[in-house]
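*Asks:* Here you go, sequence then predicted model.
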Amino acid sequence: MGVLEEKKKTVRKVVTTKEGPNLKGTMIAVMLLGGFIVLSWFSVYWLYMIRL
């Protein structure tokens, strides 16, 4: 049983040291989408204020 416990520990170490995927493209896409949504909201608000 001691050998199995040592193998489990080494597997956990490998998993924790593994780097995650590169998410720079995802971050850029989310920021662009958020900017578009904010711009849309301000445009509609501006249009509403003009037509009052």
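*Replies:* Great, that's in hand. These figures come from a predicted structure and were not determined experimentally.

*Asks:* Going by C-alpha atoms from here, please, whenever you check contacts or count neighbours.
*Replies:* Fine.

*Asks:* elements contacting the helix ranked longest in the chain?
*Replies:* Longest helix of the chain, by residue count under DSSP state H: helix 24-50. Using 3 or more CA pairs under 8 Å, 6 or more residues apart in numbering; DSSP states H and E, no helix or strand is in contact with helix 24-50.

*Asks:* So for it, mean pLDDT?
*Replies:* For helix 24-50, mean pLDDT is 98.

*Asks:* So for it, what gets flagged as buried?
*Replies:* Of all the residues in helix 24-50, not one is buried under the rule 16 or more other CA atoms under 10 Å.

*Asks:* Make residue 1 into 35 and carry on from there
*Replies:* Got it, first residue is 35 now, which makes that one helix 58-84.

*Asks:* how close does G68 get to K52?
*Replies:* The spacing between G68 and K52, counted by CA to CA, to the nearest Å, is 30 Å.

*Asks:* Pull stretch 76-86 out as CSV, backbone CA atoms only.
*Replies:* Output in CSV follows, covering the C-alpha atoms of stretch 76-86 (Å, rounded to 0.1, in the frame of the first residue of the first chain):
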residue,chain,number,x,y,z
PHE,A,76,-24.7,54.4,-23.9
SER,A,77,-25.8,54.9,-27.5
VAL,A,78,-29.4,54.0,-26.6
TYR,A,79,-29.3,56.2,-23.5
TRP,A,80,-27.9,59.1,-25.6
LEU,A,81,-30.7,58.6,-28.2
TYR,A,82,-33.3,58.6,-25.4
MET,A,83,-32.0,61.8,-23.9
ILE,A,84,-31.9,63.6,-27.2
ARG,A,85,-35.5,62.7,-28.0
LEU,A,86,-37.0,63.8,-24.7
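
*Asks:* Now do it: everything it contacts.
*Replies:* Outside stretch 76-86, not one residue touches it by CA atoms under 8 Å, 6 or more residues apart in numbering.

*Asks:* can you rerun that using 10 Å?
*Replies:* 70-75 (CA atoms under 10 Å, 6 or more residues apart in numbering).
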